[in-house]
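Colleague: sharing a model that was predicted from the sequence below.
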Amino acid sequence: MGGIHSRCDYDPELLRHSELFSALLDEDLHFVSTRTGLFQLRSAGRLFSPGEIAERFYIVLEGSIRVFRPREDGGTDEMAVFTQGDALGDFDFARRASYDACAVAREDSVLIAFPALGLDMDALAKERPDAVSRILLRSLAMIASRLRSTQKLISENAPWVQELRRRS
């Protein structure tokens, strides 16, 4: 990950753009906002790559970030473009997972990073275990919601898939 990091303190309402923080208590959101960092990335700069552990997530303030998966044939599978106000990496961060895609700046971009460089969730848990517990609970709720949505899509599409198979 290459870019310019600096510690910052942001308006907590900016962080509500993230599903992970959208339902936090005001005091928790204030705590989180004082542990964020500013991340500046030049055009074509890489934010993260496949296999890297998601130690933080980002909210785009300026610019845009392209997310894609590289293919073995040298091409790419486009996944998404994140622009001003969008949160990216929060799902991987919530699961403490490895990224399975690349994220690259399409232009000079500025992002909020949580937690700020030099901080991690273990350090924050020592400082405010109650707030971090609520963040972890929210991450579980977010994951459960996405699993339910996926399950619903699969079940709604199953008859359609079966009909296509029958017709082919």
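Modeller: Structure received. None of these values were measured; they are calculated from a predicted model.

Colleague: tell me how far residue 50 lies from residue 109.
Modeller: 20 Å (CB to CB, to the nearest Å). No exception for glycine: its C-beta is placed from N, CA and C like everyone else's.

Colleague: would you indicate which residues of the host helix or strand of residue 94 are buried?
Modeller: Following DSSP states H and E, one finds residue 94 within helix 90-95. Residues 90-94 are the ones in helix 90-95 that count as buried (16 or more other CB atoms under 10 Å).

Colleague: in the chain, what residue spans correspond to strands?
Modeller: Secondary structure of the chain, counting by DSSP state E: strands at 4-8, 36-41, 46-48, 57-62, 65-70, 76-82, 87-88, 102-105, 109-114.

Colleague: will you turn the ones you listed into JSON lines that also has distance to residue 129, mean pLDDT and mean neighbour count?
Modeller: Shown next, in JSON lines, are those (distance: least, CB to CB, whole Å; pLDDT from 0 to 100; neighbours: other CB atoms under 10 Å):
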{"stretch": "strand 4-8", "distance to residue 129": "22", "mean pLDDT": "55", "mean neighbour count": "13"}
{"stretch": "strand 36-41", "distance to residue 129": "19", "mean pLDDT": "90", "mean neighbour count": "22"}
{"stretch": "strand 46-48", "distance to residue 129": "28", "mean pLDDT": "96", "mean neighbour count": "21"}
{"stretch": "strand 57-62", "distance to residue 129": "21", "mean pLDDT": "89", "mean neighbour count": "21"}
{"stretch": "strand 65-70", "distance to residue 129": "32", "mean pLDDT": "95", "mean neighbour count": "17"}
{"stretch": "strand 76-82", "distance to residue 129": "31", "mean pLDDT": "94", "mean neighbour count": "14"}
{"stretch": "strand 87-88", "distance to residue 129": "24", "mean pLDDT": "86", "mean neighbour count": "22"}
{"stretch": "strand 102-105", "distance to residue 129": "31", "mean pLDDT": "97", "mean neighbour count": "20"}
{"stretch": "strand 109-114", "distance to residue 129": "17", "mean pLDDT": "91", "mean neighbour count": "24"}
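
Colleague: of all these, which lies closest to residue 145?
Modeller: For the strands of the chain, distance to residue 145 was read as CB to CB. The smallest value, 14.9 Å, belongs to strand 87-88.

Colleague: so what strands line up beside the closest one?
Modeller: Neighbouring strands of strand 87-88 in its sheet, by DSSP bridges, are strand 57-62 (antiparallel).

Colleague: quick one: distance of the strand it pairs with to the chain centre.
Modeller: Computed by CA atoms, centre = their mean, to the nearest Å, the chain-centroid distance of strand 57-62 equals 9 Å.

Colleague: great, nothing more from me.
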